[in-house]
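A.B. asks: My questions concern the predicted model and sequence given below.
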Amino acid sequence: RLSSCSALPLPPGPKSSWLGAIKLPRVYPWRTYAEWKNIYGDLIYIYVLGNPVLILNSASAVSDLLEKRGGNYSSRPVRTMVSDLMGWNWMFSSMKYGPAWKQHRKLFLKHFPINTTTPFHPLQTKEAHVLLRNLLQSPDKFHFHTRRAAAAIILQITYGIQINEKVDEYGDNYVSLADKAMSTLAQAGLFGTYMVDYLPILKYIPPWLPGASFKRLAFQWRKLTLEMLNRPFDLVKQKMKDGIASPSIVASELEDIASGRAPHENERILKNVAATTYAAGSDTTVSVLMSLFLAMALHPEIQDKAQCQLDQVLNDRLPIFEDRQQLPYIDCICYELLRWNPVTPLGLNHFVSEDDEYKGYRIPKGTTVLPNVWAILHDPEIYPDPLAFNPDRFQNPEKNIAQGINEIPDAAFGFGRRMCPGRWLAFDSIWIAVASILTVFRISKAVDERGKIIEPQVEYASLLISHPKPFQCSITPRSSTTVKLIQQTADQD
Ligand code: HEM
């Protein structure tokens, strides 16, 4: 495959100047790249200031390259702004393919084994109940309550840190730390947002120069990045010294290190893995649940259908994971939330380690690969009427398989050897939250002081991790019985 590559043409794409100067879409690039499919096809090659970039616009190209040729397509590009300047280089999601990344991923999978989430179900259920109580108390703060719930699950498992139920958005706590730090990553994370991504040499320019605002920003943001890495980890160490640490991944691994069952160098890996989990888990599921509130406000008929199934199966109690078989429509809603507006529309960048050839084209070593998750999940051949929020599309799996349509949207979690290893935990956190919220609340469009309906807009931020832009909705208990159900959870948990 590799021998005669150099004679082959590069994949088609928009032409840049010989220096590689080219104007690329700055907002919603995934949509533009999806449109370019009509001009260039599934593979689009762009040469940007010395950087070869390949966009993969279809499930088959992603499967052929990122999955079947995973050995060559599983690295990550050097990200000067994010890793060097902002200090995110401890995230193993950005490490290049190799022994260090493998050690990190192995440790992660030791504690979050493939397809196994049952041990986390009691915590996920408890946190879904806290979310219900908070939504009952102050429904207008639904965004913050959702963030709190996501962070609470991850911090408890990873560091044994419990987040107070009543914490608010102004407290200097781990929820707001994740919020602030992750928003900097979301802003800078899309490849090419800053020129220094393309021209790493720019990182040496003095920060006081007029064109160096990126550097001043990076140093400011770096404090948050390092706080995320250090603060929770140091807290566990201190608590262990004081003999008051709660069980957690970090505590159990540190015990192994202290007792000599694990080598000392594992501490650095552990710290990185723990903070990566904190970062990867505290923002992503939030986007999905915000999409739930938005979609339900817009589609009362879908909510009716879900609530009809929930009422039949649950008969005035809250859902538990054991109900999942009987609640297939909740699965359909979760799948559609992941597909409709994917959390990472351009996935995470992959990187080509060696020269390659595909479909008669040359793919040079050192190419940054952008898998267009949005395009894959909006391919009209696979997902008819792709812009519509329609969970019903997933209702008949046998028929879908026979027709080759409406695949489960696994692409939302990325591809091949780098595919999200937290996806089982993530899906379960989403599932129990969706099932619990819809059991007890009615979500509808908000109304202003003059009684006028406020139409929520389906608008998402054009960032690495894409959230719906701020919107209002009304979240009210479905009945006095559901109010009681929510209140009773305070005694049960
Ligand atoms: C809806 C929720 C989530 C979505 C949509 C999501 C999506 C993704 C995507 C697209 C990737 C990149 C895959 C690739 O490179 O092809 C990724 C990587 C990763 N995710 Fe998730 N994720 C979610 C939740 C989580 C959670 C809750 C955790 C932790 C418990 C987590 C941990 C990770 C880690 C550690 C990586 C890096 C993997 C590596 O580079 O080897 N994710 N995720």
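C.D. replies: Looks like it came in fine. Residues are numbered from 1 along each chain as shown.
A.B. asks: pretty sure Val434 is touching Thr285, no?
C.D. replies: No. Using CB atoms under 8 Å, Val434 is not in contact with Thr285; the gap is 10.5 Å. The C-beta positions use only the backbone N, C-alpha and C, and glycine is treated the same way.
A.B. asks: residues contacting the residue in the stretch 1-150 of the chain positioned nearest to the ligand?
C.D. replies: Nearest residue of the stretch 1-150 of the chain to the ligand: Ser93, at 3.3 Å (CB to the nearest ligand atom). Residues in contact with Ser93, defined by CB atoms under 8 Å, 6 or more residues apart in numbering, are 76, 276, 280, 348, 418.
A.B. asks: any idea how far it is from Pro380?
C.D. replies: According to CB to CB, to the nearest Å, Ser93 and Pro380 sit 31 Å apart.
A.B. asks: Ala151 now?
C.D. replies: Separation of Ala151 from Pro380 (CB to CB) stands at 37 Å.
A.B. asks: ok, those two, which is more surrounded?
C.D. replies: Shown here are Ala151 and Pro380; by other CB atoms under 10 Å, Ala151 has more neighbours (27 against 10).
A.B. asks: Check whether that one sits in a helix, strand or coil.
C.D. replies: helix (DSSP: H, G, I helix; E, B strand; the rest coil).
A.B. asks: could you point out which element follows the helix of greatest length in the chain?
C.D. replies: In the chain, taking DSSP state H as the definition, the longest helix is helix 266-298. Using DSSP states H and E, the helix or strand that follows helix 266-298 towards the C-terminus is helix 300-314.
A.B. asks: And the next helix or strand past that next one?
C.D. replies: Sequence order places helix 328-340 as the next helix or strand after helix 300-314, per DSSP H and E.
A.B. asks: so what secondary structure elements neighbour that following helix?
C.D. replies: Under the contact definition 3 or more CB pairs under 8 Å, 6 or more residues apart in numbering; DSSP states H and E, helix 328-340 sits against helix 266-298, helix 300-314, helix 423-440.
A.B. asks: Looking at those, which is nearest to His121?
C.D. replies: The closest of the helices and strands packed on helix 328-340 to His121 is helix 423-440. By CB to CB, the value is 6.9 Å.
A.B. asks: ok, residues contacting the helix or strand just after that closest one?
C.D. replies: Downstream of helix 423-440, the first helix or strand assigned by DSSP H and E is strand 441-445. Strand 441-445 has contacts (CB under 8 Å, 6+ apart) with 132, 135, 292-293, 296-298, 300, 303, 437, 453-456, 473-478, 482.
A.B. asks: hmm, which of the residues you listed are the buried ones?
C.D. replies: 132, 135, 292-293, 296-298, 303, 437, 456, 473-475, 477-478, 482 (16 or more other CB atoms under 10 Å).
A.B. asks: Go through these and name the one nearest the ligand.
C.D. replies: Distances from the ligand to those, taken by CB to the nearest ligand atom, are shortest for Leu292, at 11.6 Å.
A.B. asks: from the buried ones among the contacts of strand 441-445, which is closest to Thr367?
C.D. replies: Using CB to CB, Leu292 comes nearest to Thr367 of the buried ones among the contacts of strand 441-445, at 36.6 Å.
A.B. asks: That closest one contacts Ala435, doesn't it?
C.D. replies: No. With contact defined as CB under 8 Å, Leu292 and Ala435 do not form a contacting pair (10.8 Å).
A.B. asks: in this structure, what spans have low per-residue confidence?
C.D. replies: 1-6, 18-21, 171-172 (pLDDT under 70).
A.B. asks: ok, Asp197 - contacts?
C.D. replies: Taking CB under 8 Å, 6+ apart, one finds 51, 79-81, 191 in contact with Asp197.
A.B. asks: ok, now with 7 Å
C.D. replies: 79-81, 191 (CB atoms under 7 Å, 6 or more residues apart in numbering).
A.B. asks: Skip the chain neighbours and tell me the closest residue to it.
C.D. replies: Met81 (5.5 Å; CB to CB, 6 or more residues apart in numbering).
A.B. asks: I'd say that neighbour and Tyr194 touch.
C.D. replies: Yes. Between Met81 and Tyr194 there is a contact at 4.5 Å, judged by CB atoms under 7 Å.
A.B. asks: just to revisit the earlier point, closest one of the buried ones among the contacts of strand 441-445 to Ile363?
C.D. replies: Closest to Ile363, out of all of the buried ones among the contacts of strand 441-445 and judged by CB to CB, is Leu292, at 38.5 Å.
A.B. asks: Give me the common contacts of Met81 and Tyr194.
C.D. replies: Shared contacts of Met81 and Tyr194 (CB under 7 Å, 6+ apart): 188, 214.
A.B. asks: and the stretch 1-150 of the chain, which of its residues are near the ligand?
C.D. replies: When proximity is defined by CB under 6 Å from any ligand atom, the stretch 1-150 of the chain lies next to the ligand at 92-93, 105, 108, 112.
A.B. asks: can you do 8 Å?
C.D. replies: 66, 76, 91-95, 101, 104-105, 108, 112, 150 (CB under 8 Å from any ligand atom).
A.B. asks: Name the member of the residues you listed with the most neighbours.
C.D. replies: Neighbour-wise, those (other CB under 10 Å) top out at Ala150, 26 neighbours.
A.B. asks: what's the neighbour count on the closest residue to Arg393 other than its chain neighbours?
C.D. replies: Counting by CB to CB, 6+ apart, Arg393 lies nearest to Asn406, which is 4.6 Å off, once chain neighbours are set aside. Asn406 has 23 neighbours, counted by other CB under 10 Å.
A.B. asks: In three-state terms, label Asn406 for me.
C.D. replies: When the rule is three-state DSSP, Asn406 gets the label coil.
A.B. asks: Then Ile475?
C.D. replies: Reduced to three states by three-state DSSP, Ile475 is strand.
A.B. asks: How much space separates it from Lys215?
C.D. replies: With distances taken as CB to CB, Ile475 is found 43 Å from Lys215.
A.B. asks: go on, Pro99?
C.D. replies: 32 Å.
A.B. asks: next one: Leu131
C.D. replies: 40 Å.
A.B. asks: Who has more neighbours out of the two?
C.D. replies: Leu131 (24 against 21).
A.B. asks: The one helix or strand the more buried one maps to: how far from the chain's middle?
C.D. replies: In the assignment (DSSP H and E), Leu131 maps to helix 121-137. Averaging C-alpha positions (CA atoms, centre = their mean, to the nearest Å) puts helix 121-137 21 Å from its chain's average.
A.B. asks: do stretch 181-199 as well
C.D. replies: That offset, for stretch 181-199, works out to 16 Å (CA atoms, centre = their mean).
A.B. asks: Export that stretch to PDB, keeping only CA atoms.
C.D. replies: Written as PDB, here are the backbone C-alpha positions of stretch 181-199 (Å, rounded to 0.1, in the frame of the first residue of the first chain):
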ATOM      1  CA  ALA A 181     -11.800  25.600  32.300                       C
ATOM      2  CA  MET A 182     -13.800  23.600  29.700                       C
ATOM      3  CA  SER A 183     -15.200  26.700  28.100                       C
ATOM      4  CA  THR A 184     -11.600  27.800  27.400                       C
ATOM      5  CA  LEU A 185     -11.000  24.400  25.800                       C
ATOM      6  CA  ALA A 186     -14.200  24.600  23.800                       C
ATOM      7  CA  GLN A 187     -13.200  28.000  22.500                       C
ATOM      8  CA  ALA A 188      -9.600  27.100  21.500                       C
ATOM      9  CA  GLY A 189     -10.100  23.400  20.800                       C
ATOM     10  CA  LEU A 190     -11.200  23.500  17.200                       C
ATOM     11  CA  PHE A 191      -8.100  23.000  15.100                       C
ATOM     12  CA  GLY A 192      -7.200  26.200  13.400                       C
ATOM     13  CA  THR A 193      -9.000  28.600  15.700                       C
ATOM     14  CA  TYR A 194      -5.600  30.200  16.300                       C
ATOM     15  CA  MET A 195      -2.900  30.800  13.700                       C
ATOM     16  CA  VAL A 196      -0.400  29.300  16.100                       C
ATOM     17  CA  ASP A 197      -2.000  25.900  15.500                       C
ATOM     18  CA  TYR A 198      -0.700  26.100  12.000                       C
ATOM     19  CA  LEU A 199       2.500  27.900  12.700                       C
END
